[in-house]
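Trainee: Prediction below, plus the sequence it came from.
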Amino acid sequence: MLGDRIRKLRKQKKLTLEALAGEGLTKGMLSLIENNKAKPSMESLAYVAERLGVEVTDLLEEISTQEVRGILEQAEKLYNQKSTEQYKVLLTLIEPYIEKLTQGYESARLLDIYARSLYEEKLAGWEELIEQAATMYDKMNLTANRAQIAIFRSMVNFIQHEYSKALEILVRERTEIELNHVYIDPMTRVDFDYHEAILHFAIGDNKAASAVMESAIHFSKEHRIFYRINDLYRLGAGQALMFNDEENKELYLRKLKQYGEFADDLPSILIHDLITVMSLNTLNQEYAKALEIIDHYLTDPKVKEVVEDLYIIEKGKALYGLGQFTDAITHFEKVETPTTTHHPFDLALFYVRYSYIALCLRELGEREEALQAAQIAVENFETLPDSPFKEFVKETLEAIEMDS
């Protein structure tokens, strides 16, 4: 209540009743107000607020702007810590204030974080709260924050492998934001373009994916925004590899390497060399050269955090190419498809190992086991869009079935 808020602020500022009352109020009247036995006039309320150093609205609201800012500061730190308990802690921190978060950036952002935390903890109610935050961002014309909610809602469907629905949500919300917001900042536009490109790619619409991706790269260069440029180069190189587009593969690999060396960006360098190794294994059949690059990285602890499993799969492919079938199977079996991998292209890189296991078993005379592994590969690729990887998997099964 109002009196409670005045008393709390007075004590926080270490003021006595007399000190706060000053010459504008009597000590007795202030005591009645603090005990909710008297209601101050707006003039008296303005006087008390001025002496407390706050806005009148801070006294009238159940939670002050200053208090909300303090909670948001704690929440932002927790949200960026990335620990196993962070979302539980965030829910505990923000939950007591949810009903009071009705206006202002701080309230919208806290609702945003709370909704995301509910989602991460697999708890109900996040959709309603994220919509409330989105509406508040819209009213304040906070385009970047509103765009991140659009991307978040889209990615919720993406990680469930509902790629078409994810793209539909992103395009619809992007259109609404661009129609209703006066200005779309360059970084937000590039973020939209990047996510739209990966979703077009996910549903197999490579023409649309390339158009959006190339537009984003051109826009980034024109406006000297390099926020997503490495991601865009990786996407371009990966797409070119997937569809045997040698010209674009070389172009984007060169760009990716230049960026990695300039920015000292290890993931970019690792992805560049991984795609190079893939080409050596599948196109050039230079298995010994591929192994040299792979073994160099597998002795580096830094690789473990980025693409270790994919390098192990490529080592298995190289060993298969060299006729070392048992060792190849050992390497393939070291790898599990990560639960955090969702894009069809990334899934394909992991799923294809079953076909190589099948081919190794075939060479070792284990026909029944080879057939089982080849069938697993085909089943995994069933929901993925068409690609040379998918064709390879089908052809492998057909070849092994003919042997049986």
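Mentor: That came through fine.
Trainee: Tell me how many other residues surround I203.
Mentor: I203 has 15 neighbouring residues, counting by other Cβ atoms under 10 Å. Where you see a C-beta, it was placed from the backbone N, CA and C, and this is true even at glycine.
Trainee: For A150, give its distance to A134.
Mentor: Distance, A150 to A134, using Cβ to Cβ, to the nearest Å: 8 Å.
Trainee: Next: F381.
Mentor: For F381, the distance to A134 - Cβ to Cβ - is 36 Å.
Trainee: Can you list the buried residues in stretch 67-75?
Mentor: E67, V68, I71, L72, A75 (16 or more other Cβ atoms under 10 Å).
Trainee: let me fix that: stretch 301-319
Mentor: Going by neighbour count (16+ other Cβ under 10 Å), the buried part of stretch 301-319 is 303, 306-319.
Trainee: pLDDT check: weakest of these?
Mentor: The pLDDT minimum for the buried residues of stretch 301-319 sits at V306, where the score is 74.
Trainee: so who does the residue lying closest to P267 once chain neighbours are set aside touch?
Mentor: Of all residues not flanking P267 in the chain, V306 sits nearest, at 5.3 Å (Cβ to Cβ, 6 or more residues apart in numbering). Neighbouring residues of V306 by Cβ atoms under 8 Å, 6 or more residues apart in numbering: L266, P267, L270.
Trainee: where along the stretch 201-350 of the chain do the helices fall?
Mentor: Applying DSSP state H, counting those that start in this stretch to the stretch 201-350 of the chain gives helices spanning 206-222, 229-242, 246-263, 266-279, 287-298, 301-304, 308-321, 325-332, 344-351.
Trainee: So L349 sits against E314, correct?
Mentor: No - in this structure, L349 is not within contact of E314 by Cβ atoms under 8 Å, at 9.2 Å.
Trainee: Looking at the helices of the stretch 201-350 of the chain, spot the one closest to K37.
Mentor: Proximity to K37 (Cβ to Cβ) singles out helix 229-242 among these, at 61.8 Å.
Trainee: Distance of G70 relative to E106?
Mentor: For G70, the distance to E106 (Cβ to Cβ) stands at 9 Å.
Trainee: and what of Y320?
Mentor: Applying Cβ to Cβ, the value for Y320 to E106 is 57 Å.
Trainee: With K122 instead?
Mentor: Distance of K122 to E106, computed by Cβ to Cβ: 27 Å.
Trainee: okay, these two: which has more neighbours?
Mentor: Taking other Cβ under 10 Å, K122 and E106 do not tie; E106 has more neighbours (20 against 8).
Trainee: in which helix or strand would I find the more buried one?
Mentor: Using DSSP states H and E, E106 sits in helix 105-120.
Trainee: Which elements pack onto that helix?
Mentor: helix 65-79, helix 86-94, helix 126-139, helix 143-158 (3 or more Cβ pairs under 8 Å, 6 or more residues apart in numbering; DSSP states H and E).
Trainee: Give me the contacts around it.
Mentor: Contacts for helix 105-120 (Cβ under 8 Å, 6+ apart): 65, 68-69, 71-72, 75-76, 79, 87-88, 90-91, 94-95, 97-98, 100-101, 124-127, 129-130, 132-133, 136-137, 140, 142, 145, 149, 152, 156.
Trainee: How about stretch 282-295?
Mentor: Against stretch 282-295 from outside (Cβ under 8 Å, 6+ apart): 244, 273, 276-277, 280-281, 311, 314-315, 317-319, 321-322.
Trainee: Could you pull up the residues touching the nearest residue to H223 once chain neighbours are set aside?
Mentor: Leaving aside its sequence neighbours, H223 sits nearest to P186 (Cβ to Cβ, 6+ apart; 5.0 Å). Contacts for P186 (Cβ under 8 Å, 6+ apart) come out as F219, H223, I225.
Trainee: Look up the closest residue to L397, ignoring the ones flanking it.
Mentor: In space, L397 is closest to A374, 4.2 Å off (Cβ to Cβ, 6+ apart).
Trainee: SS state for that neighbour?
Mentor: Here A374 is helix, with the state taken from DSSP: H, G, I helix; E, B strand; the rest coil.
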